[in-house]
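Q: sequence first, predicted model second:
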Amino acid sequence: MSALNAVSMNALGHLRVLDLTRVLAGPWCTQLLADLGADVIKVERPGAGDDTRAWGPPYLKDGQGKDTTEAAYYLAANRGKRSVTVDLAHPEGQRVVRLLAERADVVVENYKVGQLARFGLDFATLAALNPRLIYCSITGFGQYGPHADRAGYDFIIQGMGGFMSITGERDDLPGGGPQKAGVAVSDLMTGMYSTVAILAALAHRERTGQGQHIDMALFDVMLAMLANMNMNYLTSGKPPGRAGNAHPNIVPYQVFEAADGHVVIAVGNDGQFVKFCEVAGCNELSAHPSYRRNADRVRNRKEVLAILEPIVRTRPVAFWVEQLEAAGVPCGPINNIAQALADPQVAARALLVELPHPQAGTVPLVANPIKFSATPPAYERAPPTLGQHTAEVLRECGLDDAEIERLRSLGAV
């Protein structure tokens, strides 16, 4: 049974994706498509592969506890794919990619603007060979505009796109100043938006038979995902600032210091504020005309917090979590990643999976969070080793072993 037929019962099991991406935004998109059943063929540089293969330590450990060559960063975004090594700068390598594109439904690439056109692998060229092709380009700033030629790095995009102006502690408090997020949010969200765009283009093709080009930019996505912060500015004319762990529009909705750690208390409406004050033993606060409504609490934030912060510090985290949860007030502890993955909810939701791996025996991975009733995500392949499937995929393109060996001798694959 071919790899494509093996996943045909999955939501996207009828699709083949040619993955010309590396690092995170593109691989995150194509991993999601692979989880949903698509046959994703990851094209990598011979001898080196995706940049993130070298982004370690940490590396996956083998059965003896020794490092393999597989970096954790790479493993996070490449599950479910088949790896083929091809030199895109080699004319024979370009021919191979065109063969793959003729048989693909989707191409995803994240090269600099115009770079693939020099290799004859741009949308116009490949669409002439395969008019039904969906071709998604992911760059830092898009295919046009004054910044189009600039390289796109998540950290830079977080700064330029306004995200870091609202992330971090307030400037007037200790530790104040701009902060990036703990993960590459513009990369990850661009991967997600790109997946949505690809699925919409596929739906359009289903009705019309027509492929199309998708132009995705990290900068565009970074701006779009600022959501209510954008609207706070557009409606007031005043750019929002950093608020640390406090919410700009709701009080109390932030991290509090408890007796033995920190707790998130998220009072989302006035009724919850009454319940919170009952648990905290300060009913007079919710009855006070200056604090009864959220709008008043936002205006009088300093006074409200001056009363609440000493109260929260008198009790441990467990008290606040148990008592507020029982009262219907949203709250929770601040876990580290080990604690988060040990939460019983993780086991109940099957959020950890292990897949066979040729170097380590198995590799642990965090599952796709999408839950389908009929077409669940597919976990059939670990992140591939470099070039693991080159011969297999090229045979599917009609090349025999002699031709594959010739291409290898030329350094094209």
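A: Received, thanks.
Q: list the contacts of the most centrally placed residue in the chain.
A: The centre of the chain sits closest to Leu188, judged by CA atoms, centre = their mean, with a distance of 2.7 Å. Residues in contact with Leu188 (CB atoms under 8 Å, 6 or more residues apart in numbering) are Leu24, Ala25, Trp28. (C-beta placed from N, C-alpha, C; glycine too.)
Q: restricted to helices, list these.
A: Using DSSP state H, the subset of the contacts of Leu188 located in helices is Ala25, Trp28.
Q: which one's the longest helix in this structure?
A: helix 185-208.
Q: what's the mean pLDDT across that one?
A: When pLDDT is averaged over helix 185-208, the result is 98.
Q: and the nearest residue to Gly328 once chain neighbours are set aside, how many neighbours?
A: Sequence neighbours aside, Lys275 is the residue nearest to Gly328 in space, at 6.0 Å (criterion: CB to CB, 6 or more residues apart in numbering). Close neighbours of Lys275, defined as other CB atoms under 10 Å, add up to 17.
Q: surely Lys275 forms part of a strand?
A: No. Per DSSP: H, G, I helix; E, B strand; the rest coil, Lys275 lies outside any strand segment and is helix.
Q: ok, back up a step: so how far is Ala25 from the residue nearest to the centre of the chain?
A: Leu188 sits 7 Å away from Ala25, going by CB to CB, to the nearest Å.
Q: still on that earlier bit, got the contact list for the residue nearest to Gly328?
A: Counting by CB under 8 Å, 6+ apart, Lys275 has contacts Leu324, Ala327, Gly328, Val329.
Q: isn't the second one right up against Ala280?
A: No. Applying CB atoms under 8 Å, one finds Ala327 not in contact with Ala280, separated by 10.1 Å.
Q: which one of those two is surrounded by more residues?
A: Ala280 (22 against 14).
Q: per-residue pLDDT, that one?
A: 97.
Q: that one - nearest residue in space that isn't next to it in sequence?
A: Counting by CB to CB, 6+ apart, the residue nearest Ala280 is Ile311, at 5.1 Å.
Q: doesn't the one you found lie inside a helix?
A: Yes. Per three-state DSSP, Ile311 lies within a helix segment.
Q: quick one: it from Gly268, how far?
A: 19 Å.
Q: over to Gly152?
A: Taken as CB to CB, the span from Gly152 to Gly268 is 36 Å.
Q: show me which of those two is the more surrounded one.
A: Each of Gly152 and Gly268 has its neighbours counted (other CB under 10 Å); Gly152 has more, 23 against 13.
Q: show me where the stretch 101-250 of the chain has strands.
A: 106-109, 134-139, 212-217 (DSSP state E, counting those that start in this stretch).
Q: export these to TSV and tack on mean pLDDT and distance to Asp296?
A: Listed next are the strands of the stretch 101-250 of the chain as TSV, based on pLDDT from 0 to 100; distance: least, CB to CB, whole Å:
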stretch	mean pLDDT	distance to Asp296
strand 106-109	98	50
strand 134-139	98	45
strand 212-217	98	41
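Q: closest to Ala89 out of those?
A: strand 106-109 (14.7 Å; CB to CB).
Q: what pairs with the closest one, parallel or antiparallel?
A: strand 16-20 (parallel), strand 134-139 (parallel) (DSSP bridges).
Q: what would the ones you listed look like in TSV with mean neighbour count?
A: Formatted as TSV, the strands paired with strand 106-109 follow (neighbours: other CB atoms under 10 Å):
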stretch	mean neighbour count
strand 16-20	25
strand 134-139	26
